[in-house]
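*Asks:* could you look at this predicted model? Sequence included:
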Amino acid sequence: MKQSELSDNELINQFLSGDQMAIELLIRRHRKRVFGYILLLVKNYTIAEDVFQDTFIKVIKSLQENKYTDSGRFVSWVMRIAHNLIIDHFRREKQQKTYSNDQSEIDVFNSPKFSDKNVEEIMVFEQLLSEVRNLVDELPDEQKEVVMLRHYSGLSFKEIAEQTNVSINTALGRMRYALINMRKIMQEKNLELTL
């Protein structure tokens, strides 16, 4: 039987037995689907290539460390790894807040967005943050906890669920009710929170 006719799991077993060609075949077999998914989300070919490479580096390490269980869903497992790496990429990008003039037809650096804020803008922003914090303080404890973990600590809903010992759906529900309650409080107090 030709190697190209083997199942993903048979190729994995060959790779774990020392056959490097098996992993290359697996990568080629799933490249189009995995790369297409990454490119669809990151919308940048170079970044998509980097994430794709990182994905398969992680796949190879995980296979070598026996972290993949033979469930017949190899490509789904690879897609999950790619998805997590995409999330990591966006988190890093958000933390770095990097900008490039190459991605825009206008000069983004000649924009008020990048200028220092004046005293009035700083005071308005600080007042807004204070009012939002007061709204959060009026929420029930479980809702307040989710808002704080999500927006002040930057945790994902999965991380929030793990930290608070609830399901992801419960964490999402608490966030939804927190937003509904904050809107109600804003209406009752006739507050408008805009910059």
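*Replies:* Good, I have the coordinates. Numbering: from 1, shown residues only.
*Asks:* can you list the low-confidence ranges for this protein?
*Replies:* The chain contains residues with pLDDT under 70 at 1, 70, 97-118, 120, 152-153, 193-195.
*Asks:* let me see the domain layout of it.
*Replies:* Residue ranges for the domains of the chain, per automatic domain parsing: 3-101, 116-188.
*Asks:* output the ones you listed as a markdown table; include the columns mean neighbour count.
*Replies:* To be clear about C-beta, it is placed using only N, CA and C from the backbone, and glycine gets the same treatment. Formatted as a markdown table, the domains of the chain follow (neighbours: other Cβ atoms under 10 Å):
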| stretch | mean neighbour count |
| --- | --- |
| domain 3-101 | 14 |
| domain 116-188 | 14 |
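*Asks:* helices along this structure, start to end?
*Replies:* With DSSP state H as the criterion, the chain has helices at 8-16, 20-42, 45-64, 74-96, 119-137, 141-147, 157-164, 168-188.
*Asks:* of these, which approaches K2 most closely?
*Replies:* helix 20-42 (10.1 Å; Cβ to Cβ).
*Asks:* got the angle between the closest one and helix 8-16?
*Replies:* Interaxial angle of helix 20-42 relative to helix 8-16 (axes from the mean of the first three to the mean of the last three Cα atoms, to 10 degrees): 120 degrees.
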